[in-house]
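Asks: okay, here's the prediction I keep looking at, along with the sequence it came from:
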Amino acid sequence: MKKRDASKGLAVLVCDKEFAQTLAEFSDAALVLAGAFWPGQLTMLLPLKNETVSKLVVQNGKVALRLPASEVARAVAYEFGGAVVGTSANISGGDPLPTSAAIADAFPELKLAIKSGERPSGVSSTIFDVEKRRVTREGALKESEIKAALEGV
């Protein structure tokens, strides 16, 4: 549907930080970043802790976790046991679509959508590999903001 490369892992949206810590190993740096940027636009690549996580979302022993700013997304994750696989509403590589009408136009085969009344930011989350301390996809957060949060850690 998104025309996404099947070799790319998918992000896991979690209901809260505590649940995220059951899925991945949180270093001191990861805890600092979660405190600074969660809920929000930071997706962290972290070492997998829980082997029950689907192979669809694991790459090289790491899982991409995000605690979304959206209360609705967090509630959905909670209702599905604490986490759901999530991705931005766009064709892979394109900008996130800003409205439900744009999403419906881009994905006519879409069977279900949740209209929350929340407006998407229109900017992808930033993906940060915590172990390597590098941005793998810059989005809403700039690398300089992340590195500033990690000073002294």
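Replies: In hand now; what should we look at?
Asks: just the strands from this structure, written as ranges.
Replies: 11-14, 42-47, 58-59, 62-66, 83-86, 126-129, 134-137 (DSSP state E).
Asks: Ser27: which of those strands is closest?
Replies: strand 42-47 (8.1 Å; C-beta to C-beta). No exception for glycine: its C-beta is placed from N, CA and C like everyone else's.
Asks: just checking, Phe76 touches Ile114?
Replies: Residue 76: Val, not Phe. Yes. With contact defined as C-beta atoms under 8 Å, Val76 reaches Ile114; the gap is 7.1 Å.
Asks: which one's more surrounded, the two?
Replies: Counted by other C-beta atoms under 10 Å, Val76 and Ile114 do not tie: Val76 has more neighbours, with 18 against 11.
Asks: and that one, what is it in contact with?
Replies: Residues in contact with Val76, defined by C-beta atoms under 8 Å, 6 or more residues apart in numbering, are Leu13, Val84, Ile114.
Asks: of the residues you listed, closest to Pro39?
Replies: Using C-beta to C-beta, those come closest to Pro39 at Leu13, 10.1 Å.
Asks: any idea how far the closest residue to the closest one other than its chain neighbours is from Arg74?
Replies: Counting by C-beta to C-beta, 6 or more residues apart in numbering, Leu13 lies nearest to Gly86, which is 4.0 Å off, once chain neighbours are set aside. Per C-beta to C-beta, to the nearest Å, Gly86 is found 11 Å from Arg74.
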